[in-house]
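S.K.: just to be clear, the model below is a prediction. Sequence and coordinates:
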Amino acid sequence: MRTQTKITGSAAEALIYPLLLLLLCWAIWLLETTPGGHSLVEYGIRPRHWSSWKGVLLMPLLHDPSSIKHLLNNSLPTYLLLAAVIYYYREIAWKVFLVSWIGTGLIVWGIAEDNGSY
């Protein structure tokens, strides 16, 4: 008799990891928006500027400090989609996450208009 291996992730992982990512995003946003906070625009992406390569990795964590709407609109979909990937596709979840994270940064760096930081 063949035993079936569990390929889904645990519910705890699917709930906690996306929550930690969102807490980090919110903490960074609060750091930038509080009075006397630090401007983090230099850590974003400036398309086709070699000096902004760090933004490829940091861009998903940074949000417009002048408005909470962007971060609010990203929070629920990020949580739900990352939780679903971790729970249902545990074996490839981190690969999907890293390719999505770095891939979007590279695409923005390569093809976005050079009219500011992203």
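M.R.: Everything's here; your move.
S.K.: show me where the protein has helices.
M.R.: Assigned by DSSP state H, the chain shows helices spanning 11-33, 54-58, 69-88, 93-111.
S.K.: which residues are contacting the last one?
M.R.: Residues from elsewhere that reach helix 93-111 (C-beta atoms under 8 Å, 6 or more residues apart in numbering): 9, 45, 47-48, 52-53, 55-57, 59-60, 82, 85-86, 89, 118. C-beta coordinates here come from the backbone N, C-alpha and C atoms, glycine included.
S.K.: how about stretch 65-78?
M.R.: Residues from elsewhere that reach stretch 65-78 (C-beta under 8 Å, 6+ apart): 18, 21-22, 25-26, 29, 32-33, 37, 39-40, 63-64.
S.K.: ok, now with 7 Å
M.R.: Applying C-beta atoms under 7 Å, 6 or more residues apart in numbering, the external contacts of stretch 65-78 come out as 18, 22, 25-26, 29, 32-33, 63-64.
S.K.: buried stuff in it?
M.R.: Neighbour-count burial for stretch 65-78 flags 65, 71, 75, 78 (criterion: 16 or more other C-beta atoms under 10 Å).
S.K.: kindly reformat those as a markdown table and extend each row with pLDDT.
M.R.: A markdown table is the format used below for those (pLDDT from 0 to 100):
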| residue | pLDDT |
| --- | --- |
| Pro65 | 89 |
| Leu71 | 95 |
| Ser75 | 97 |
| Thr78 | 96 |
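S.K.: can you add distance to Ile107 and give those residues back as a markdown table?
M.R.: Compiled in a markdown table, the buried residues of stretch 65-78 are given as follows (distance: C-beta to C-beta, whole Å):
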| residue | distance to Ile107 |
| --- | --- |
| Pro65 | 24 |
| Leu71 | 21 |
| Ser75 | 22 |
| Thr78 | 18 |
